[in-house]
Each structure stands twice: as C-alpha cells, then as structure tokens.
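A.B. asks: Sequence and predicted structure below; questions after.
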Amino acid sequence: MQRAAVLLLIVVVLLMGCKHKSSLVKQEDAVIKSRDSLLVHTKYNSLGIRFPSSYSDSYWWYNDYKRWKLSNGEALIVDSMMVDCIASSNQATKYMQDNINNYKRQYFGIFHPDGTKMVWINCFVESPLATPAYWMQELVDVDDGGDRHFNICIDIINNKCLELRRGH
C-alpha cells in the first residue's frame, strides 16, 4: 500500500513537471509567432531578430545614437558581411569562425554621430539564460561569455566591419 502511494506521488510530480514544461514551450512559441515579422533566417541557417528603432536598454552602448528601421534584406546583407569579417578577422577565435552558424543574432540599425549608417549585430550562443522568449525581446548582454558572445558594427555605406567586441 505504501509503495503504491509513493508511486502515485511520483507519477503526479512527473505529470506536473511535464505540464509546466509544456506551458513554457507554448509561451516560447507564442513569443516567436508574435515576433515573426522581425525574424531573420540567415543563409547560414541561423536565426536572428531585427529590433525596432524605438528599442532602448540601459546596458546598450548605443542608446544615444539615432536609429533606423532595418529591413529583412538589409539584415541578410549585413549578416553575410559579418560572417566574412569573422572568417578573416585576427580578433575572431577559431570557435567563432567554425561555429558561426550556431550564433543567434540581434540586429540594430544605428546612425553614427558623423551620420554613417551602421548596423550593430549582437551574436551569442543560445543558453538556458538566453532562450528565444528572452532574446527575441531583450538585448542579450553577456559579461563573461568569452567567444560564445560577440558583437560587431557594420558600416553598410562603405561595406566595412567596425568594432568587433568579444566577451571576456
């Protein structure tokens, strides 16, 4: 009898855990669907999101810069430029070069104070802390992400990569 009660308790706990996990998956799917028009499916089989020009975050270096709305086509162009820059940069690690397809991307259109039209791309490897429900809505700021986190500015007028920054 006692064994049956313990077994029943284990089954109930497992079912509750499955229901909770299912709820999280449904919540994540809802976030992805709500942001679908901003998603970028790169030719490198990675996923990114274009942030609106109104986005602001206290951790973001470029809060004081004017912004512009990035199109899906522009995101694909700068993504290809970024991949080429990582492949040829002496600041990029072998891990970054070999695993560029595994990085999620966040794209932000900004104007440099001198008027240069740029795109800041934040790249990171998805983790338990950087789930789609989070990174599709908020800037991922990884302090000690090492080469699992980097960001880069792309000057789209002059086709140049600027300011490659890697996690510490």
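C.D. replies: Yes, it's here.
A.B. asks: shaky segments in this protein?
C.D. replies: By pLDDT under 70, the low-scoring segments of the chain are 1-37, 44-45, 58-60, 143, 168.
A.B. asks: quick one, strands of it?
C.D. replies: With strands called from DSSP state E, the chain shows them at 39-41, 47-50, 66-68, 103-111, 117-125, 149-155, 160-166.
A.B. asks: Make CSV out of those strands and add distance to residue 141.
C.D. replies: Heads up, the C-betas are built off the backbone N, CA and C, glycines and all. Below are the strands of the chain laid out as CSV (distance: least, Cβ to Cβ, whole Å):
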stretch, distance to residue 141
strand 39-41, 20
strand 47-50, 15
strand 66-68, 18
strand 103-111, 10
strand 117-125, 8
strand 149-155, 9
strand 160-166, 12
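A.B. asks: Columns mean neighbour count on top of those, output as TSV?
C.D. replies: Formatted as TSV, the strands of the chain follow (neighbours: other Cβ atoms under 10 Å):
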stretch	mean neighbour count
strand 39-41	16
strand 47-50	21
strand 66-68	15
strand 103-111	21
strand 117-125	22
strand 149-155	23
strand 160-166	15
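A.B. asks: nearest to residue 90, of those?
C.D. replies: strand 160-166 (9.8 Å; Cβ to Cβ).
A.B. asks: Nearest residue to residue 95 in space, please, no chain neighbours.
C.D. replies: Closest residue to residue 95 apart from its sequence neighbours, by Cβ to Cβ, 6 or more residues apart in numbering: residue 147 at 4.8 Å.
A.B. asks: Counting neighbours, what do you get for that neighbour?
C.D. replies: Other residues near residue 147 come to 15 when the count uses other Cβ atoms under 10 Å.
A.B. asks: give me every residue that touches it.
C.D. replies: 92-93, 95-96, 166-167 (Cβ atoms under 8 Å, 6 or more residues apart in numbering).
A.B. asks: how much space between residue 160 and residue 63?
C.D. replies: 23 Å (Cβ to Cβ, to the nearest Å).
A.B. asks: List the ones among the contacts of residue 147 that fall in helices.
C.D. replies: Among the contacts of residue 147, the ones falling in helices (DSSP state H) are 95-96.
A.B. asks: List only buried entries from the contacts of residue 147.
C.D. replies: 92, 96, 166 (16 or more other Cβ atoms under 10 Å).
A.B. asks: quick one, phi/psi of residue 159?
C.D. replies: Phi and psi for residue 159, reported as degrees, to the nearest 10, are phi 50, psi 50.
A.B. asks: Give me the neighbour count for it.
C.D. replies: Residue 159, neighbours per other Cβ under 10 Å, totals 11.
A.B. asks: Let me see the contact set for it.
C.D. replies: Residues counted as contacts of residue 159 (Cβ under 8 Å, 6+ apart) are residue 81.
A.B. asks: Good, we can wrap up now.
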